[in-house]
Every structure is written in C-alpha cells, then in structure tokens.
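Enquirer: Predicted structure and sequence below. I'll ask about it afterward.
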Amino acid sequence: MRNVFMILTAMALMALPLAPLFAAGEVAIYTGTVQWIGKAPADEQAQICVDMLNDAGISNTWFDSDGDMDALADWMDSVTGDQGLDVCVLYGDLPPPVYPEGNSQTDGSIGETFIETTDGDTFINHADYMFWGLGGRNEVGGLQNMMDIEGITMWDDDTAMTVTDDGKAIAPSLTDFASDRPFHVDELDGDWEVEVSLAQSDDGTRADPIIVRDGNLGRLIPVIQTNGGDEPKGAVAAEIIIWLMSTTPVEPAGKLSTTWGDLKAVR
C-alpha cells in the first residue's frame, strides 16, 4: 500500500505545472528613441526580430514610442529576478527611466539591477556605443557604471569584424562587416567574461557581436555597432536570442589573463 501511495504521489507531482520552477523568458524591444539609426529603419529591423521570435514561440513586447519609456522600465522591473532569462533590445539609446541620464544614478538603477541577478538577464544594443544614450545622455559613464568597470570603452571606427565559427553557428545571418564601436575585450575586468565571440578583429581585442557575462549574473551583447549601417541587426538579434533561450550556453571562457590568447585566433 505504501508503494502505491508513493507512486501516486510521484505521478501527482509530475502533473503539476512547471512554471514556478522554470519561468519562461520574455523579450522587450524598444525603438521609441534611437541613435545612429533612423526611427524607420530601426522599426523595420525590430519587426524582423519580432517575426522571428514569434515563429520561435518566444514571448515578446515591442515598445515603439518614446512615450513607452516608463512602460519599458516597468516591464524590466517586473521580470527582474523571476528565474527566467529575459532580454531587452535597444537601438542606441538607454531610456532615462531605466538608467537616469547624466549618470545621476551610478548604482542600483532598474537597468543595472536587471543584469545583477542569476537569471542571466540580457541587454542587446544595436547601432551606437552601448549605453552612451541619445545626444550623449551618459557618454562613457553609461557602460562603465552598468558594468562597474572604470576603464571600459567602445571606440575604433571601421574595425574589421570577421565572423567566428561560433558566430556562423549561432547567427547565420551575420556576415563580415566593419564595426564603428566594437567591444574592447582586453578591457574586461572583475567577474566579466567572454561567453561567446561571434565576430572579432584579427588580434581578438575587439569584437562585435559578442556575448559577455558578469560571472553567473547578467549579460551584455553589443550587436552590429555601426553608424547608419544597413546590416541585418534584427535577424542577428533574433538568432542570438533564440540560441540563448533554447541552448545551454557554453561555459564562460575564463578570465582574460588566461584565455585572451585563445581569443586572438578567429575560430
């Protein structure tokens, strides 16, 4: 009788909904304000991303008005710490409700809190310098404060990016291009590590797109940082998101001091 009870209990537990244990991830796309890309082309790329995410069955919300800044911040606040991998896609601007402009809240903003839980929550940024902000809202301080790395920067116009083998596998739409604001791999510090480099310079010190992660916390993913470029930003973002949400990500490559040599070679 005891064995029968145990079997029935196990069956009942198996029948329970799994949502509380395995929260579904969500995606927010914001094109209300943009930088280094026009509103119309940003919306075109966002639509491509939305269509691909819908086809993949990934829940998403597109905030397409500058009046949606507060709604985006509310969304971000609501999904932070929900045990699901959530992604926010930006087109060159970081709205002040998410991170107050002028670097007036250098610690503890909604945006920073979003990437500081073990959910692995992620920002993807297209076009301009990540977190620089519309009209230079934050300049270099945006990225530095969000990452807590004093010297991190994103410069170097027209830096040749060659797609790696990982990049080809994760984002088939990605091709070689010239990045105007590549990520500086050699300036990583603290617990930040390279998870995957999708395209990079010959010496491996610059990369775009690249997935970097703060230990077991959140991720930043610069994706095609170009001034007015017509590259397939929306498709590449969608492919990266689909990979993140459907594949167990590779282990972080390790500290820069021990793995930078491996990153030099284009895979």
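Expert: That came through, no problem. Numbering: from 1, shown residues only.
Enquirer: Look up the closest residue to Ile242, ignoring the ones flanking it.
Expert: Ala56 (4.9 Å; C-beta to C-beta, 6 or more residues apart in numbering). Backbone N, C-alpha and C define where each C-beta goes, glycine included.
Enquirer: so how far is Glu150 from that neighbour?
Expert: Noted for Ala56: a distance of 38 Å to Glu150, by C-beta to C-beta, to the nearest Å.
Enquirer: returning to that earlier point: ok, the residue nearest to Ile242 - contacts?
Expert: Ala238, Ile242, Met245, Ser246 (C-beta atoms under 8 Å, 6 or more residues apart in numbering).
Enquirer: swap the cut-off to 10 Å and go again
Expert: Contacts for Ala56 (C-beta atoms under 10 Å, 6 or more residues apart in numbering) come out as Ala238, Glu239, Ile241, Ile242, Met245, Ser246.
Enquirer: If you rank those by neighbours, which is first?
Expert: Ala238 (29 neighbours; other C-beta atoms under 10 Å).
Enquirer: and it, how far is that from Ile58?
Expert: Relative to Ile58, Ala238 is positioned 9 Å away (C-beta to C-beta).
Enquirer: cool, Thr122 as well?
Expert: Distance, Thr122 to Ile58, by C-beta to C-beta: 13 Å.
Enquirer: which stretches of the stretch 1-150 of the chain form helices?
Expert: 2-15, 39-55, 69-79, 110-114, 140-147 (DSSP state H, counting those that start in this stretch).
Enquirer: Check the stretch 151-267 of the chain too.
Expert: 165-170, 233-246, 256-264.
Enquirer: hang on, the earlier thing: could I get the helices of the stretch 1-150 of the chain in a markdown table, plus columns for mean neighbour count, mean pLDDT and distance to Val163?
Expert: Below are these laid out as a markdown table (neighbours: other C-beta atoms under 10 Å; pLDDT from 0 to 100; distance: least, C-beta to C-beta, whole Å):
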| stretch | mean neighbour count | mean pLDDT | distance to Val163 |
| --- | --- | --- | --- |
| helix 2-15 | 9 | 40 | 43 |
| helix 39-55 | 18 | 98 | 19 |
| helix 69-79 | 18 | 98 | 31 |
| helix 110-114 | 21 | 98 | 29 |
| helix 140-147 | 21 | 98 | 24 |
